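> Build me a structure from this.
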Amino acid sequence: MNQSAPTHPFQIHNFRAYWLARLAMTLAQYAMLLVIQWQAYNLARDSGMSMAEGAGQLALIGLLQFLPLFVLTPFSGLAADRFDRRALALITVGLQFGCAATLAWFSWSGAVSLPILFGIAVVLGIARGFAGPALSALAPNLVPKPILPTAIALSSISWQVGMLAGPAIGAVLYAFEPALPYAIATGLFALSAIALALVGKVPQPAMRKDQRPIGAIVDGLRYVVQNKMVLSAITLDLFAVFLAGANALIPVFARDIIGTDENGLALLASATPAGALVTAIFFSFRPLRTNVGPKMLWAVGVFGIATIVFGLSTSLLLSLAMLFVIGAADMFSVYVRQSLIQLHTPDDKRGRVSSVSMMTISASNEGGDAFSGALAYVMGPVAAIVAGGAGAIVTVLLWARIFPVLRTTKSFDPPDNPHENVLDTAPHKKIQEA
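Numbering: from 1, shown residues only. Just a heads-up that it's a prediction; the model follows:
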């Protein structure tokens, strides 16, 4: 007698283990990242650097994470399609475990310095560059297609809970003992590894064996460029978040503009993921079904407006409210983008297409951190944030015109005609006519 098909991702053992692994890893990552930024900024300020010079150190932290992510992500996407995705994720968790243990030791001994933090940032960038495509491509293999949008929302919840609680855990524990957040992160990475090990064998389509590595990477990039819906969703998020990187300067605003301590820092760092978490939970119960393209454009526009208000605020409460809205609007955009990518992409290309998405995410997040820090160094943190929010709004207006598909896409379902969302090229057209 056949068992009935699962109607919810948590009914599937492999997805439950995957969800726990991603939650534990994200908690550890964001606890570490906030403390690294806080230590770097305070080391810079306490050594006599100005506020602008301290922001420059945050820009360098972002750049050192971004460069390995950006350079390696195309190859990590190929690895996610060619090798066992679970095993690849396990290796990256082990590398991050080593980073956390190293920082715990140096913090305990009082030997943390800017060069050490910069070196760890590079290693974390490498690990995250391979972890992102492996985990993103693994999730759709764990659940049936009809419940994939719910699985994406739940996966986003694990990510957003980690982003929400991780910084708060890091900041509060740091107030007691600088080594403590890194020690907790070490334990969380160990838990993530155990949970990944509990994921059973996952079917994964084989890549073409006659395709060379560079050709396979180009094949994935070509698919993204030719699919108008995937390309527009990825690049909209890339430019909007790159320009409006409010979270990168939270240590600056916490210490020198709002004037708060580690507790205020924890609240500020948690406000954005709190908004994202509420949105992800909502979508896990009420998946978005209509006018997905236009709603994505509106969400990114709200993201830009809230960023401008945050940049002008000197009130802790108003700043928290705007960061919450920023997180909610960003999660709305992320949910739409990820659903479109996963549902429009063939499984044998999903790792490489996910790697392109991760590359743009790293460009917008870590690259945006570097850009915001550099802009703050040149024109001050307030002007940098306001200019970035205005840039995000301009991006929405431009993308609505450049990519009409964003205004007309009504649902996540791929078009009945598989070429409907693909850019025509002359050679393809000739083949079809022939």
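
> can you tell me which residues contact residue 261?
Residue 261 makes contact with residue 175 under the criterion Cβ atoms under 8 Å, 6 or more residues apart in numbering. Yep, even glycine has a C-beta here, placed from its N, CA and C like the rest.

> Pull the number of nearby residues for residue 278.
Close neighbours of residue 278, defined as other Cβ atoms under 10 Å, add up to 17.

> Need the nearest residue in space to residue 123, chain neighbours excluded.
residue 99 (5.4 Å; Cβ to Cβ, 6 or more residues apart in numbering).

> Quick check: that neighbour touching residue 120?
Yes. Residue 99 is within contact range of residue 120, at 5.2 Å (criterion: Cβ atoms under 8 Å).

> related to what we said a few turns ago, contacting residues around the residue nearest to residue 123?
Neighbour list for residue 99: 32, 120, 123-124, 127 [criterion: Cβ under 8 Å, 6+ apart].

> What ranges does the stretch 301-434 of the chain have for its helices?
Under the criterion DSSP state H, counting those that start in this stretch, helices of the stretch 301-434 of the chain are mapped to 316-344, 350-379, 381-402, 405-408, 426-433.

> Going by mean pLDDT, which of these comes out lowest?
The minimum mean pLDDT among the helices of the stretch 301-434 of the chain belongs to helix 426-433 (a mean of 32).

> Can you name the helix or strand that the closest residue to residue 262 other than its chain neighbours falls in?
Distances taken as Cβ to Cβ, 6+ apart place residue 175 nearest to residue 262, at 4.4 Å, with adjacent residues excluded. Using DSSP states H and E, residue 175 maps to helix 148-176.

> Not counting its neighbours along the chain, what's nearest residue 336?
Of all residues not flanking residue 336 in the chain, residue 296 sits nearest, at 4.3 Å (Cβ to Cβ, 6+ apart).

> returning to that earlier point: distance from the strand or helix carrying the residue nearest to residue 123 to the middle of the chain?
Per DSSP H and E: residue 99 is located in helix 85-108. Chain-centre distance of helix 85-108: 19 Å, with Cα atoms, centre = their mean, to the nearest Å.

> Which positions in that helix come out as buried?
Neighbour counts over helix 85-108 (16 or more other Cβ atoms under 10 Å) mark 85-86, 88-90, 92-93, 95-97, 99-104, 106-107 as buried.

> what element comes up after it heading to the C-terminus?
helix 114-138.

> Mind checking the pLDDT average for that following helix?
Helix 114-138 comes out at a mean pLDDT of 85.

> Next up, the contacts around the spatially closest residue to residue 309 that is not a sequence neighbour.
Closest residue to residue 309 apart from its sequence neighbours, by Cβ to Cβ, 6+ apart: residue 322 at 4.8 Å. Counting by Cβ under 8 Å, 6+ apart, residue 322 touches 306-307, 309-310, 313.
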